[in-house]
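Novice: Prediction below, plus the sequence it came from.
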There are 2 protein chains.
Amino acid sequence: MTTAKPLRADAQRNRDALIAKAREVFAAGDFDLRFDDFAQLAGVGTGTLYRHFPTREALAEAVYREELTAMCDRTRDLRATLTADEALAAFLRGFVIHLHTHKGLARTLATLMVTRSGALAEGGQALGQAITDLLTAAVEDGSIRDDVGIGAVMMTLQGICSAFDHPGSQVDADGAVTLLLDGLRRRPA
Amino acid sequence: MTTAKPLRADAQRNRDALIAKAREVFAAGDFDLRFDDFAQLAGVGTGTLYRHFPTREALAEAVYREELTAMCDRTRDLRATLTADEALAAFLRGFVIHLHTHKGLARTLATLMVTRSGALAEGGQALGQAITDLLTAAVEDGSIRDDVGIGAVMMTLQGICSAFDHPGSQVDADGAVTLLLDGLRRRPA
DNA sequence: CTTGAAAATGGAGACGATCTCCGATTGTAG
DNA sequence: CTACAATCGGAGATCGTCTCCATTTTCAAG
């Protein structure tokens, strides 16, 4: 999967330059910049841009790849320290905070989930798996209900990501997580 | 608001033809048809199309206007027959079923919520208000919690609409509603 | 039934974004 | 150093969106 293909020196340089500039642009909130302009800003030709990143989403995914793996790691750390349901809660709370400080990440995840292009790009795929593992563990130790599927949870998360540019989104997103966590608790009666 | 502006005979005819054709196209699942082609199919010029419907969303909203008002009416009927929380539950269950038989509606609502163009087009606005009323009533009579905002619920609904083209979405959407309703229940302890 | 003015039409073409193609350039193995 | 392959760059093809305005249609007043 993680095919390590040796990249020629100049190719690597250009790729890095593109990602670096794109990160700046996203950080500035300019998500809808004309795609070709990413090339110009990075000082490469449009052909080079398209060769490295066939689509806007591919570029976004590369920019946030680090963040994505960090989140995956986080799920594992939490699993090691806390009970399954605590880990789930901690992760989701952290997820919202993380999205808040990286608006571009929210948009990227939303797009990846909607297009589900080629079954989500690699990083999105990994995060999805990590969350699935968290949920599965919590179901197995009986701390959350088992009568609703993972997909239902993912839909809610997709809502959070999609709606994250609206003003006041952080409070609402946190509320949505509260509802989700309480809804997931095993029905007492 | 509902400004009744008399439309010239030919204008009305063309408008209706556009909506009718668009309804067919959406029913066939072809949501991303080239916008100009809606005009060609309806036998009018592109200028006419744009005059009546400045954007793709405006056309979609017109197509589903009936559905939208029907849903608004439904919230009121349910309020008249059931308790506030029963009405909310019944509405959301019905909502999912409705989306399932009208995939185009799901996509339209998702788009309207994302763009929130001019504070949502008229129909979407009305539906949002109707849902808000349902929630408010349930909060007021104490059947659902009051410590999370309406926005949190809307986020979840946005997720349901956004994810509705994925296969197996109906089951997942129903699960998401289950989680939402249970999450909204006043915490017992 | 005119008739004149306002309303509406339609479709060619301007525009802006995406993406491709290929001759020129650069890196690297031998 | 040479030759070959990998990569580059950016002009321009392509495609969807939207505008503009000369022409046609409607309609109310005479």
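Specialist: Arrived safely. Numbering: from 1, shown residues only, chains lettered A, B, ... in the order given.
Novice: what is the orientation angle of the helix or strand of chain A with the lowest mean pLDDT with helix B:103-115?
Specialist: Using mean pLDDT, DSSP states H and E, helix A:103-115 stands out as the lowest-scoring helix or strand of chain A, at a mean of 90. Inter-element angle recorded for helix A:103-115 and helix B:103-115: 170 degrees (by axes from the mean of the first three to the mean of the last three C-alpha atoms, to 10 degrees).
Novice: ok, helix A:103-115 near DNA strand C or not?
Specialist: No. Remark: helix A:103-115 sits outside contact range of DNA strand C, by C-beta under 7 Å from any atom of the strand, the gap being at least 12.1 Å. All C-beta spots, glycine's among them, are computed from the backbone N, C-alpha and C.
Novice: helices or strands up against that helix?
Specialist: helix A:56-63, helix A:84-101, helix A:122-140, helix A:150-162, helix B:150-162 (3 or more C-beta pairs under 8 Å, 6 or more residues apart in numbering or on different chains; DSSP states H and E).
Novice: Redo these as TSV? Include distance to A:Leu7.
Specialist: Shown next, in TSV, are the helices and strands packed on helix A:103-115 (distance: least, C-beta to C-beta, whole Å):
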stretch	distance to A:Leu7
helix A:56-63	13
helix A:84-101	30
helix A:122-140	16
helix A:150-162	31
helix B:150-162	36
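Novice: List of residues touching the least confident helix or strand of chain A?
Specialist: The contact list for helix A:103-115 (C-beta atoms under 8 Å, 6 or more residues apart in numbering or on different chains) reads A:26-27, A:29, A:31, A:57, A:60-61, A:63-64, A:67, A:98-99, A:120-121, A:124, A:127, A:154, A:157-158, A:160-162, A:164-165, B:162-163.
Novice: which of those count as buried?
Specialist: A:26, A:57, A:60-61, A:63-64, A:67, A:98-99, A:120-121, A:124, A:127, A:154, A:157-158, A:160-162, A:164, B:162-163 (16 or more other C-beta atoms under 10 Å in any protein chain shown).
Novice: These: which ones sit near DNA strand C?
Specialist: Okay, of the buried ones among the contacts of helix A:103-115, nothing touches DNA strand C (C-beta under 7 Å from any atom of the strand).
Novice: Kindly report the residues of chain A close to chain B.
Specialist: By C-beta under 8 Å from any C-beta of the partner chain, the residues of chain A that approach chain B are A:110, A:113-114, A:116, A:147-149, A:151-160, A:162-163, A:166, A:168-169, A:171-176, A:178-185, A:187-188.
Novice: Can you select the buried ones among those for me in ChimeraX?
Specialist: Here is the ChimeraX command that selects the buried residues among the residues of chain A next to chain B (16+ other C-beta under 10 Å):
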select /A:110,113,114,116,148,149,151,152,153,154,155,156,157,158,159,160,162,163,166,169,172,173,174,175,176,178,179,180,181,182,183,184
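Novice: still on that earlier bit, export the least confident helix or strand of chain A as PDB, just CAs?
Specialist: Below are the C-alpha coordinates for helix A:103-115, written out as PDB (Å, rounded to 0.1, in the frame of the first residue of the first chain):
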ATOM      1  CA  LYS A 103     -10.600  24.900   9.300                       C
ATOM      2  CA  GLY A 104      -9.100  23.600   6.100                       C
ATOM      3  CA  LEU A 105      -9.000  20.100   7.600                       C
ATOM      4  CA  ALA A 106     -12.700  20.200   8.200                       C
ATOM      5  CA  ARG A 107     -13.400  21.100   4.600                       C
ATOM      6  CA  THR A 108     -11.000  18.500   3.300                       C
ATOM      7  CA  LEU A 109     -12.500  15.700   5.400                       C
ATOM      8  CA  ALA A 110     -16.000  16.800   4.300                       C
ATOM      9  CA  THR A 111     -15.000  16.600   0.600                       C
ATOM     10  CA  LEU A 112     -13.200  13.300   1.000                       C
ATOM     11  CA  MET A 113     -16.300  11.800   2.700                       C
ATOM     12  CA  VAL A 114     -18.700  13.200   0.100                       C
ATOM     13  CA  THR A 115     -16.800  12.200  -3.000                       C
END
